[in-house]
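> next comes the sequence, and after it the predicted model I'd like to discuss.
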Amino acid sequence: MAVEKALLLIADIGGYTRFMKQHRFGLAHAQDTVAQLLEVVIDAAGGLKLAKLEGDAAFFYALGEDFTAFARQAANIRRAFIAKKEQLIIDRMCKCGGCMQVGALTLKFVIHSGEIAFQKVKRYTELAGVDVILVHRMLKNEVPLAEYVLMTDPVLQQLDPGLRPFAHALDHEFEGIGRTSTHYINLNELAAVLPVARAPNLARKLWGKLTLELRSLPYVIGLKEPCQDFRNVELIVEES
């Protein structure tokens, strides 16, 4: 397998602790909410390519050795996430736990650069290599925040000089990797210029409610398991 240099970025949606014990109805709506948020995350990723959807996270990569644009790309993703979350709150017509907790959802990033190989398994192509393992290990970390960017040394070296004062050093011992020097930025310390949210509109609310119920139906009636692949939800499903 040919080895190539790449930037690896995972955008991970969290904030689901209050979803832990829900009726299937609420979990089905939580599933749809995350899907809508992941759609805008992917659309806002710019030059980053989607490697894989991983439950409540999106795994991106970009080939090459110049990653100076990654901070702008992460900022664009965060703006899109916040704007969509606010719009979901404005248009909300459902009182279930999955819908009422939208405001508690958070977004974090883990970013690393290194070497990857493309591994073909049947019809699918996966990214492989130690650096792919490392960026996933970074999701389980000791950052004392809910919303942040966690990066390794190679990524910090290409960070915009104006952002470096916001970076805090924090070494980690990652399983199977060993001691790794990392740095995190508190996203709440950075201003996010957001588009003006659309005003409440009854027709849009009703249409949103209808499409929500249609998309959620397979999960409500048990054809699919809601939130099954979400790493940030411990499912304790009660039948409604």
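Received the coordinates, thanks.

> state which strand of the protein is the longest.
In the chain, taking DSSP state E as the definition, the longest strand is strand 106-121.

> for the chain, just list every one of the helices.
24-43, 70-90, 97-100, 130-137, 153-156, 202-220 (DSSP state H).

> on that earlier part again, mind checking the pLDDT average for the longest strand of the chain?
Summarised as a single mean, pLDDT over strand 106-121 is 94.

> now do that strand: which elements does it pack against?
strand 3-14, helix 70-90, strand 124-128, helix 130-137, strand 148-152, helix 153-156 (3 or more CB pairs under 8 Å, 6 or more residues apart in numbering; DSSP states H and E). (Each C-beta comes from the backbone N, C-alpha and C, glycine too.)

> so what strands line up beside that strand?
strand 3-14 (antiparallel), strand 124-128 (antiparallel), strand 148-152 (parallel) (DSSP bridges).

> ok so, going back, by mean pLDDT, show me the worst of the helices and strands packed on strand 106-121.
Among the helices and strands packed on strand 106-121, strand 124-128 carries the lowest mean pLDDT (a mean of 88).

> may I see the buried residues of that strand?
Judged by neighbour count using 16 or more other CB atoms under 10 Å, the buried positions of strand 124-128 are Leu127.

> same question, stretch 145-153
So stretch 145-153, judged by 16+ other CB under 10 Å, has buried residues Glu147, Tyr148, Val149, Leu150, Met151, Thr152.

> so what touches that stretch?
14-15, 74, 106-113, 134, 138, 141, 143, 159, 167, 170, 180-188 (CB atoms under 8 Å, 6 or more residues apart in numbering).

> cool, stretch 77-90 as well?
Contacts of stretch 77-90 (CB under 8 Å, 6+ apart): 11, 13, 33, 36-37, 40-41, 43-45, 99, 102-103, 105, 107, 109, 187, 192-195, 197-200.

> filter those residues down to the buried ones, PyMOL style.
In PyMOL, this line selects whichever of the contacts of stretch 77-90 come out buried by 16+ other CB under 10 Å:
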select buried, resi 11+13+33+36+37+40+41+44+45+99+102+105+107+109+187
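
> bridged to the nearest residue to Asp131 once chain neighbours are set aside, which residues?
Nearest residue to Asp131 in three dimensions, chain neighbours excluded: Gly114, at 2.9 Å (CB to CB, 6 or more residues apart in numbering). Gly114 has these beta-bridge partners by DSSP bridges: Ala6.
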